[in-house]
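return a 3D structure for these sequence lines:
(2 chains)
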Amino acid sequence: MLLQATATAHTVGGPITAYWPVMIFFVVAIGFPILPIILGRFLRPAKYEKGKMRPYECGIDPTTEAHDRFTVRYYIVAMLFLIFDVETIFLLPWAIIFMGDDFSFTKFALLEMFVFIGILVVGYYYAWRKGALEWA
Amino acid sequence: MDWNNPLIHTVVVLVGITIAFLAIMLLVAFTVLAERRVLGFIQGRLGPNRVGYGGILQPFADFIKTMMKEDLVPDQSTKFVFLLAPTVAVITAIMAIIVYPFGPVVWLPFIGSFPLVIARFDVALLYVLGVTSVGVYGIALAGWSSNNKYSLMGGLRSSAQLISYELALGMALIGVILMSGTLDIYAIVEQQSGAYGLNWNIFYQPLGFVVYLISAIAETNRVPFDLPEAETELVAGFHTEYSSIKFLLFFNAEYINMITVSMLATSLFLGGWNGPGVSLFPWLGVIYFAAKILFFIFLYIWLRGTLPRFRFDQLMNFGWKFLMPLALINIFLTATVEAFGGDLIKMVRSWIA
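Next up, the predicted model:
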């Protein structure tokens, strides 16, 4: 449905050649960081020294491993993000065909999306009340 | 010219990419300089003004100096991921610049008329959202692979911040898509032309614009949302262990991100290349586009000189409990008004135009 709705927008070249610039640019974009890293080797000094290669902790020798346990809230945020980001993706095709030529469809789509977002708002409210959004 | 010939198409694309790439790099260099000078003036000092006339060569001197520095890779770090992180950050930052239209259809002798956009396809906006959201990997991997407590904390904070504000950012854009009915950025800019600038989406989506602007500043890790590099508590955040060219890549990625979100704000809300006289002299569009981007960049610097930093709990609360509901309300309002007053809006817009 997404493809049908946007097929009217004309592109430079055909439907496949429209993506050529992306592929060409991807090669350029990969070369952009890699080349200076490789070429810079000839410019930079490289003197190995034990103390220099320790993790930086303001001059004091680190006592514990850095990969320690950290608060679980980061995981909760990541899970909530997954849910709501998928919601945003579902909203995109809806938003594109919302103001189509068939105006009776608009009101139906509005109602449909109210139900969809309404369910997610209930989940959002639940997460809020359960304290998933709190950072103490 | 035959634009469907693959060879000609490729050559044209390569020329366009070269120009856009150089323009972005110069813009990054002089944004850094402008930031230091403007911050200097805000704080009642001069800023760097020795290298070249008024400090104009300072970015290049800094570049050479950074390149000559030793590239430290800590012994305990995960070597490959340590190298991968800045690469991912800068690639994802720069991939987005390709779809922005920086001018209308222009005419050149021997070449004919062509639109000033490198890649135009139907899902440009989705492409931008997708590519920029991969950028969080660069920061998370950098924080994890350094094997340093400050880096880990900075990386975690930054990832949480980026994914939280990405929701509000994506939802703020839904309002614009509802109005335009397409994801093609070129078409969205074209729709905003005419009517003495009254067709700009900012007049129909003020709430969406504010939500977008705030979350864009948070997405680029700028003041007042620069928690990941809060130097008073985290040394330098996720790039504590990075030096030389790899630090430069992270630095570049941040400024390229600044420019791309400014480009997106300009294209979606401020009418892109539209401005007085564009229909007569199409090349003026490039100047208008650049001017609008520079306005946003100045806004960034101004904010940095003015605002203090958020605390992390305030930051997360603001994103989840204020910006997200606001973006949802914006979607509700836009959809309802369009469904029940769509004909009226179309009438008013055609009457203005």
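
where does the chain have its least confident helix or strand?
All of this is about chain A. When each helix and strand of chain A is scored by mean pLDDT, DSSP states H and E, helix A:2-6 comes last, with a mean of 38.

can you look at chain B instead?
Min over SSEs of chain B, mean pLDDT, DSSP H and E: helix B:231-234 (a mean of 72).

the helix or strand hosting B:A327: which residues count as buried?
In this structure, B:A327 is located in helix B:324-352 according to DSSP states H and E. Neighbour-count burial for helix B:324-352, counted by 16 or more other Cβ atoms under 10 Å in any protein chain shown, picks out B:M324, B:L326, B:A327, B:L328, B:N330, B:I331, B:T334, B:A335, B:E338, B:A339. From N, CA and C alone the C-beta is placed, and that goes for glycine too.

please tell me how far the last one sits from B:I329.
For B:A339, the distance to B:I329 (Cβ to Cβ, to the nearest Å) stands at 16 Å.

strands of chain A, start to end?
Using DSSP state E, no strands are found in chain A.

spatially nearest residue to the most centrally placed residue in it (excluding sequence neighbours)?
Centroid-nearest residue in chain A: A:D85, 8.5 Å away (criterion: Cα atoms, centre = their mean). Closest residue in space to A:D85, ignoring its immediate chain neighbours: B:L167 at 6.2 Å, by Cβ to Cβ, 6 or more residues apart in numbering or on different chains.

report pLDDT for that neighbour.
With respect to pLDDT, B:L167 scores 89.

which ones are touching it?
B:L167 sits next to A:F81, A:F84, A:D85, A:T88, B:G319, B:M324, B:A327 when contact means Cβ atoms under 8 Å, 6 or more residues apart in numbering or on different chains.

gap between the first one and B:A89?
When you say that, I think you mean A:F81. 19 Å.

and the fourth one, by the same measure?
Distance, A:T88 to B:A89, by Cβ to Cβ: 23 Å.

higher neighbour count, the two?
Remark: of A:T88 and B:A89, B:A89 carries more neighbours, 30 against 19, as counted by other Cβ atoms under 10 Å in any protein chain shown.

helix or strand: which one has that one?
helix B:79-95.

helix/strand/coil for the closest residue to B:N274 other than its chain neighbours?
Leaving aside its sequence neighbours, B:N274 sits nearest to B:S193 (Cβ to Cβ, 6+ apart; 4.8 Å). Look at B:S193: counting by DSSP: H, G, I helix; E, B strand; the rest coil, its state is coil.

filter the buried residues of helix B:324-352 down to the ones near chain A?
With Cβ under 8 Å from any Cβ of the partner chain as the criterion, these include B:M324, B:L328, B:I331, B:A335, B:E338, B:A339 near chain A.

which residues touch residue 47?
No chain in the question, so chain A it is. Listed by Cβ under 8 Å, 6+ apart, the contact set of A:K47 reads B:E70.

you looked at the wrong chain, it should be chain B
Taking Cβ under 8 Å, 6+ apart, one finds B:R36, B:R37, B:V38, B:L39, B:G40, B:F41, B:G55 in contact with B:G47.

separation between it and B:I8?
46 Å.

quick check: phi and psi on B:P115?
Backbone torsions of B:P115, given as degrees, to the nearest 10, read phi -80, psi 140.

neighbours of the nearest residue to it once chain neighbours are set aside, how many?
Leaving out its chain neighbours, the residue that sits closest to B:P115 by Cβ to Cβ, 6+ apart is B:V105, at 4.9 Å. Using other Cβ under 10 Å, B:V105 is surrounded by 13 other residues.

for residue 53, report the pLDDT, please.
You didn't pick a chain, so chain A it is. On the pLDDT scale, A:M53 gets 79.

hm, I was asking about chain B
At B:Y53, the model reports a pLDDT of 85.

tell me how far the ends of stretch B:303-310 are from each other?
13 Å (Cα to Cα, to the nearest Å).

can you check stretch A:53-73 too?
So stretch A:53-73: terminal residues 32 Å apart, Cα to Cα.

what does it rub up against?
With contact meaning Cβ under 8 Å, 6+ apart, stretch A:53-73 is reached by A:135, B:72-76, B:144, B:146-153, B:156, B:160, B:235, B:240-241.

go through it and flag the buried ones.
In stretch A:53-73, counting by 16+ other Cβ under 10 Å, buried: A:P55, A:Y56, A:A66, A:R73.

now the first one, nearest residue through space, not along the chain?
When you say that, I think you mean A:P55. Nearest non-adjacent residue to A:P55, counting by Cβ to Cβ, 6+ apart: B:N148, 4.2 Å away.

quick one: the one you found from B:S243, how far?
B:N148 is 13 Å from B:S243, by Cβ to Cβ.

higher neighbour count, the two?
Under the neighbour definition other Cβ under 10 Å, B:N148 and B:S243 were set side by side, and B:N148 has more, 25 against 16.

helices and strands around the strand or helix carrying B:L141, which ones?
When elements are defined using DSSP H and E, B:L141 is found to belong to helix B:124-145. The contact analysis (3 or more Cβ pairs under 8 Å, 6 or more residues apart in numbering or on different chains; DSSP states H and E) places helix B:124-145 against helix B:79-95, helix B:149-180, helix B:185-191, helix B:244-269.

name the helices or strands packed onto the third one?
Other elements packing on helix B:185-191 under the criterion 3+ Cβ pairs under 8 Å, 6+ apart are helix B:124-145, helix B:149-180, helix B:244-269.

circling back: show the contacting residues for the residue nearest to A:P55.
A:P55, A:Y56, A:E57, A:A66, B:P74, B:T240, B:E241 are the contacts of B:N148 under Cβ under 8 Å, 6+ apart.

out of those, which one sits closest to A:F98?
Closest approach to A:F98 among these (Cβ to Cβ): B:T240, at 46.5 Å.

how about the closest one, phi and psi?
phi -60, psi -40.

how close does it get to B:G130?
B:T240 sits 29 Å away from B:G130, going by Cβ to Cβ.

the two - which one has more neighbours?
It is B:T240, of B:T240 and B:G130, that has more neighbours when counted by other Cβ under 10 Å, with 27 against 14.

the residue nearest to B:A140 when sequence neighbours are not counted: how many residues sit nearby?
Among residues not flanking B:A140 along the chain, B:S159 sits closest, at 4.5 Å (Cβ to Cβ, 6+ apart). B:S159 sits with 23 neighbouring residues when counted by other Cβ under 10 Å.

check the one 5 residues further on too.
By other Cβ under 10 Å, the residues close to B:S164 number 26.

do the same with B:T306
10.

next one: it from B:V38, what distance?
Distance from B:T306 to B:V38, by Cβ to Cβ: 11 Å.

got the residues of the stretch 251-353 of chain B near chain A?
By the rule Cβ under 8 Å from any Cβ, the part of the stretch 251-353 of chain B lying against chain A is B:312-313, B:316-317, B:320-321, B:324, B:328, B:331-332, B:335-336, B:338-339, B:342-343.

report the secondary structure state of the residue in the stretch 51-200 of chain B that chain A sits nearest to.
Ranked by Cβ to the nearest Cβ, the top residue of the stretch 51-200 of chain B for proximity to chain A is B:A119, at 3.7 Å. Under three-state DSSP, B:A119 falls in the coil class.

pretty sure it sits against A:M23.
No: applying Cβ atoms under 8 Å, one finds B:A119 not in contact with A:M23, separated by 9.7 Å.

please identify which of the two sits among more neighbours.
The neighbour count for B:A119 versus A:M23, taken as other Cβ under 10 Å, is higher for B:A119 (24 against 10).
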